[in-house]
Each structure stands twice: as C-alpha cells, then as structure tokens.
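Chemist: Sequence and predicted structure are below.
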Amino acid sequence: MSTTSSPVDYSAVKPNRPWQASPRDRAITGGIFALSVLIASVSVKLTGFSGKLGFFASFVIIFIAITASREYLRFGNALAKDTLVNTLVAVGAFITLIPIVSIIYTVVSRGFKGLYPGLFYRDMSLNAPNDPLNVGGLGHAIVGTLLLVSVALIISVPIGILTALYLTEIKGNLSRPIRFLVQAMSGVPSIVAGLFIFSAILLPITKDNSSILGSLALAILMVPTVARTAEEVLNLIPNDLREAGVALGGTQWRTVAMIVVPAAKSGLITAVILGIARIAGETAPVLLLAGGGDKFNYNPTSGPMGSLPYYIWRSFGAGSEEAIARAWTGLLVLLLIVFALFAAARFFGNRKVGK
Amino acid sequence: MTTENNGDQENMETTTTPSSLSSVAASSKRKVINTKAMGTGLEARGVHAWFGNHHALADVSLDFAAGTVTALIGPSGCGKSTFIRTLNRMHEFIPTAAMAGQVILDGKDIYDPTVDVTKIRLQIGMVFQKPNPFPSMTIGENVLSGLKLAQLKTENKDDLLEECLVKAGLWNEVKDRLNAHGGSLSGGQQQRLCIARSLAVRPQVLLMDEPCSALDPGSTLRIEETIEELSSSMTIIIVTHNMQQAARVSDYTAFFLSDGGPGQMIEMAPTNEIFARPRDKRTENYVTGRFG
C-alpha cells in the first residue's frame, strides 16, 4: 500500500511503443522500396512495360510482391494477405492524389505568370485576349462568377434544404417520387438545364441575356446535389433527439429548427459546398444565358455578364501565347475562389457553441 | 383522485379496478402533498396499442395518483415502454402506430381532438432510456431548451437553471461549466441533465423509460435519489427492468406480461405488497425470479 508512504517512483519506466516499426523495420522497408525501384527501372529497359506508366505499374507490382512475400515468410498466410490489401489500398489512395496534385501544380505553375494587381480590378472591355499580360484583367469575370453563384445559391439552398427536410422530417406521401426525381435530376447534363431556361424564359419572355437566367439554370443543377447530400446528413441525426425535442413540448417545426438543423449544421454546410463545387465551373448554361461579357456588369437582371469559365474559354479560343497564359491565370483564380468558399464554409461550420 | 368526478359515461366498464386502487393510494400515502401544484395525477382507461397489425398492448387501465411513484415492471416485449409512450402521446411518432382508450389528465382525455398535443407534453415530461442531450447546445442551454422549444417566458432564467440542476442532483458537478457541451458529461451526468431539462418546463407528471438501463450503479443511485426528491412535487411513472430499483423507488408497482399475445397489465398494488404478497401467481413467479 502506497497510501501512507510517498508515492511509488515510476520514473525508471519509460513509455514504449513495441507495436510501431523499429528503425530496422524501416530500413528494410526502405530497402524493399529501393530494390523495387531498381528492378522496375531494369524491367522498363528490358520488357514491354515502358514509359512512366510502365515504370509505375511494375514498381507497384514488384513492391507489393516483395512486401507480401516477406510478411508471408515471417507471419504466414493471413498477415501476408492483410499486408497485400493494406498496400493495395494505400496505392489506390496515392493514385487518387496524382491527378489532383498534378492539376493544382499545372494550374499554379502556368497561371502564376499572368498574375498582376490590375488583373483583379480591370476588365477586358478595351483589350483583346492576345494583348500583353500586363493590360486588361478579369475583375469583371470574378464579379460575374460571384453574382452567378450567389444568386444560384440564394435560390437553390432553401429549396434543396427544404426538400431534404420534407424527405427526412415530414416523410409525406410524396417522399418516394420526390426522392426519385431528385436522384434522377442530379444526372441532368448542364446544357439541358441551360436550354430549358433558354426556351422557357429567355426566348419567350426576357429576349435578352442576363446573369439571373444563368443563375436559374445553375440552380436547377445545384438543387439535387444540395437536397441529396442534406438528406443523407439529416438521416444521420439520431431519432432520439427529435423525440426529446417533441417530448419537451416543442412543435415539430421548432424541434427541427432548434435541434435537428443545428445538430446537422456542419453536414448541411458540406451539402452547400458540394452544390457550389457542382456549379462554379459550369460554362455551357452560363454562355447560353448570361451571354458572356468583357466589361463589368453589376446588374444580374440585365445585360450580358462575364464569368470565369467564359473568360477561360474565350482566352483559350484566341490561341496566342498571351491568351493561353490568361486562360491559365483565369483557372488559377477560379480554383482560388472555390477554395476560399470552401475554407469559409468550413470555418463557419466548425465554430462551436458556447465560446 | 377519483374517476367519478370526471363524469364521463363511457368509462363505466373500466372504473372498478382503478378506483379501488386509487383509494388504496390515497390512504397509504405518507407524504404531505400539495395537490394543486402537481395536478391530479394521471389515469389510463382501457388503453390498447398497435404497431401495424401487431396488437402490442391490450386493455390497460391504471390510475396514477398525484405525488406517487409508480414502477412498471415486466419482461421485455410486454408493452411497458409502449404503454408509457401512450401516456404523453409519443406513441403516435411511430408511423404504423395506433391506439384505443383514454388517458385522462386534469379530467380531460389527452387524445381528444381539441387538445393541443404540445401542451400535453409540457405537462407530462419524459426521460428516455438513452441519455440524449442536444449536441448543439451547452449544458445550460440544454436545461432551458424546453422553454425555447415551447416558447415559454420565465422571469429569471438563472434561478430556474439552478433550481432544475439542483433537483436533478447535478448542480454541484456542473455549476462551474454551464457553458461546456452536454456531450462532455459522463453517461450518468447526461441522464441527470436530461432529467433537469424535463423539469424546466414544470411538468405535473414525469415519465421515465428505463432511465438507468445504460448507467453504472453509482449513477443509478444518484438518479434514484433524484426520483425520491422529485416525488414530493410531481407524479412519476418509471419503467424498469430492475426489480430492486422498483422496490427502492416506487410507491406502487404494476406488473405487465405478454403470454404471446398483446401485453397486459396483470396486477397493480402498493410496492411492498406486490413484492411480499402478490395476488397473481404470474406476478409471484416474476418477482421471485422463478419466471419461465
């Protein structure tokens, strides 16, 4: 009993992690890696597997084979299979990263050249895409994209989330057909949405381009994404919470507004982000309905409106070296805007209560 | 607490058993009861419950006198939880659910079409089997959430907050961290938080559906003390699988059983009688552990 004397001195015992790879294990893994690289580069020279892809494929196969056979010799069949599957999963994850990283790398390295301060507050009304990179800008396109996306957001977020609430909270008789339609609609090609608004509103009624029509088409694309994701998120909220809210004398609406939606908040914000990601880069409906413009237009209800995808499309079309550099810069700015929206939504979504 | 003063004609067939029990209730009650503040108890008359075509509960008539603690015991699947959920109209949350019979609060059937169901649930609170504090709220907000949900006004929120947490036996443990998340508490504390939450709207009746089944013995003891304290100011109905718990906390015990068909109420009596001299053989088998 150590209660009467001074506490037992445990300082001689050091915390240990026997389950982790020892330096020797790591050296062996590194050795297998190097050996695989070596064999792969030899096999690229000697066999039909050639080029980067051939090298990568033979490296992966050789690395997995060596690791798994070593594990088989050490621990037998079961652990060898485990290692095999683990390595395959890691390779799969790595392969996913390749296109993402190389896209970001390409966009940043090529778009970087065109960045200059004027880019963000000038437009292209007096310049052609082929002009030198230090004149003109894409301020109008940023304004256009933000207007298009935010009006589409204002239209589709309430509709999408209310649809999800209908499906998860009210569970009315129309749930099944609505769920089916929403799922079917999430596969609608963007040009179909664009042509629908074009023939239903632009031709018969307004007879002129305006960005609000573009936003309507974008909203058609965004609503299914928001509704489906929000429905999945709301379904994850335990039914206990709904019952607790109602048992405290809340109406269904107050329970949903005060308990269910706050509990699902960060998931609902993810739903909105996915919706934005779906529409921010859309070109076809925007071109068809907003028209695409080269000068600042702050009025969503009238006149052609530029946008980043339109700016990129037009610059690539012009073909000269400067124009293509402009297009890459436009891509970089579009990526930055989407990332900024993403970060902002995450920030607001993760703020905890009671601070 | 008699059925006669309700003056309804259709309950003639069900009055005999409950009213004889309620006279036992009135005479054996030791506590001093302020009946005005806690209402006149609760009465179930011929309650049946169905889930789809499955008849889960048949013809249960029970009288819960004001200021008493009644334990509902019985094996799993005998309809105890179903019954308690008919008492504050939570039963209707299950899509295929149906019911028959009456539940009388303050002389009025809570299933009457003219009744505002949200008001009923304010008067008849509920504590669930699994602790379910609201995750988006702090401890303090959780306690007062009922006021916000039901849009009730109160003059002094801090006093109410303290009063409810003291009654639920949680105040000393959380008074310095009312702004922490409800989820940061242990399971037993969360369950007491849920009790505090249901007290804040000042119910006359508190339904507890196996409130201790997910808790360790220490937390169970705390909740039993809480029930003891609360019973002087409200009517409590508790479903429990733990017969020792029923014996410890309740004034009356009702035994439910299903013989393969719908669950039925076999016997209700003062708790010491049901454990010492049960009238029904089946009750005796169950409370002595010879059930089988």
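Modeler: Cool, got the structure. Numbers count the residues shown, from 1 in each chain, chains lettered A, B, ... in the order given.

Chemist: From A:Ile61, how far off is A:Gly48?
Modeler: In this structure, A:Gly48 and A:Ile61 are separated by 14 Å, where distance is defined by CB to CB, to the nearest Å. Bear in mind the C-beta positions are built from the backbone N, C-alpha and C, glycine included.

Chemist: Have a look at the two and say which one is more surrounded.
Modeler: Between A:Gly48 and A:Ile61, counting by other CB atoms under 10 Å in any protein chain shown, A:Ile61 is the more crowded of the two (16 against 7).

Chemist: Please report phi then psi for that one.
Modeler: Backbone geometry at A:Ile61, expressed as degrees, to the nearest 10, gives phi -60, psi -50.

Chemist: Same question for B:Ala214.
Modeler: phi -100, psi 10.

Chemist: That one: how many residues sit nearby?
Modeler: Using other CB under 10 Å, the number of residues around B:Ala214 comes to 16.

Chemist: do the same with B:Ser76
Modeler: Using other CB under 10 Å, B:Ser76 is surrounded by 8 other residues.

Chemist: Likewise for A:Thr168?
Modeler: 21.

Chemist: what residues are up against it?
Modeler: Under the criterion of CB atoms under 8 Å, 6 or more residues apart in numbering or on different chains, the contact list for A:Thr168 reads A:Glu231, A:Leu234, A:Asn235.

Chemist: which one among the residues you listed gets closest to B:Asp116?
Modeler: A:Leu234 (26.7 Å; CB to CB).

Chemist: dump the residue contacts of the residue in the stretch 101-250 of chain B that chain A sits nearest to.
Modeler: Closest approach between the stretch 101-250 of chain B and chain A, counting by CB to the nearest CB: B:Leu149, at 3.2 Å. B:Leu149 makes contact with A:Gly245, A:Leu248, A:Gly249, A:Gly250, A:Arg254, A:Thr255, A:Met258, A:Ile259 under the criterion CB under 8 Å, 6+ apart.

Chemist: Now render those residues as a markdown table, adding secondary structure, distance to B:Ser184 and pLDDT.
Modeler: Shown next, in a markdown table, are the contacts of B:Leu149 (DSSP: H, G, I helix; E, B strand; the rest coil; distance: CB to CB, whole Å; pLDDT from 0 to 100):
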| residue | secondary structure | distance to B:Ser184 | pLDDT |
| --- | --- | --- | --- |
| A:Gly245 | helix | 21 | 93 |
| A:Leu248 | coil | 21 | 92 |
| A:Gly249 | coil | 26 | 89 |
| A:Gly250 | coil | 24 | 90 |
| A:Arg254 | helix | 25 | 92 |
| A:Thr255 | helix | 23 | 93 |
| A:Met258 | helix | 20 | 92 |
| A:Ile259 | helix | 18 | 93 |
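
Chemist: In the stretch 1-150 of chain B, where is pLDDT below threshold?
Modeler: Scanning the stretch 1-150 of chain B with the threshold set as pLDDT under 70 gives B:1-38.

Chemist: what does it put close to chain A?
Modeler: Residues of the stretch 1-150 of chain B that fall close to chain A, judged by CB under 8 Å from any CB of the partner chain: B:88, B:90, B:93, B:95, B:118-119, B:121-122, B:125-126, B:128, B:130, B:132, B:134-138, B:141, B:145-146, B:148-150.

Chemist: For the spatially closest residue to B:Gly52 that is not a sequence neighbour, grab the count of nearby residues.
Modeler: Leaving aside its chain neighbours, B:Gly52 sits nearest to B:Thr96 (4.1 Å; criterion: CB to CB, 6 or more residues apart in numbering or on different chains). Per other CB under 10 Å, the neighbour tally for B:Thr96 reads 9.

Chemist: Return the closest of the contacts of A:Thr168 with respect to chain B.
Modeler: For chain B, the nearest member of the contacts of A:Thr168 is A:Leu234. The distance, counting by CB to the nearest CB, is 13.6 Å.

Chemist: Wait, a helix at the closest one?
Modeler: Yes: counting by DSSP: H, G, I helix; E, B strand; the rest coil, A:Leu234 is located in a helix.

Chemist: so what pLDDT did it get?
Modeler: The per-residue pLDDT reported for A:Leu234 equals 95.

Chemist: ok, now the one 10 residues further on?
Modeler: What the model reports as pLDDT for A:Ala244 is 93.

Chemist: Check the gap between it and B:Arg121 for me.
Modeler: Applying CB to CB, one obtains 11 Å for the distance of A:Ala244 from B:Arg121.

Chemist: Please say which of these two ends up with more neighbours.
Modeler: Taking other CB under 10 Å, A:Ala244 and B:Arg121 do not tie; A:Ala244 has more neighbours (28 against 25).

Chemist: how about the strands in the stretch 51-200 of chain B?
Modeler: Secondary structure of the stretch 51-200 of chain B, counting by DSSP state E, counting those that start in this stretch: strands at B:54-64, B:69-73, B:97-105, B:108-109, B:124-127.

Chemist: Same list, those strands, but as a markdown table with distance to B:Asp216 and mean neighbour count please.
Modeler: Shown next, in a markdown table, are those (distance: least, CB to CB, whole Å; neighbours: other CB atoms under 10 Å in any protein chain shown):
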| stretch | distance to B:Asp216 | mean neighbour count |
| --- | --- | --- |
| strand B:54-64 | 29 | 22 |
| strand B:69-73 | 20 | 27 |
| strand B:97-105 | 33 | 19 |
| strand B:108-109 | 40 | 17 |
| strand B:124-127 | 17 | 27 |
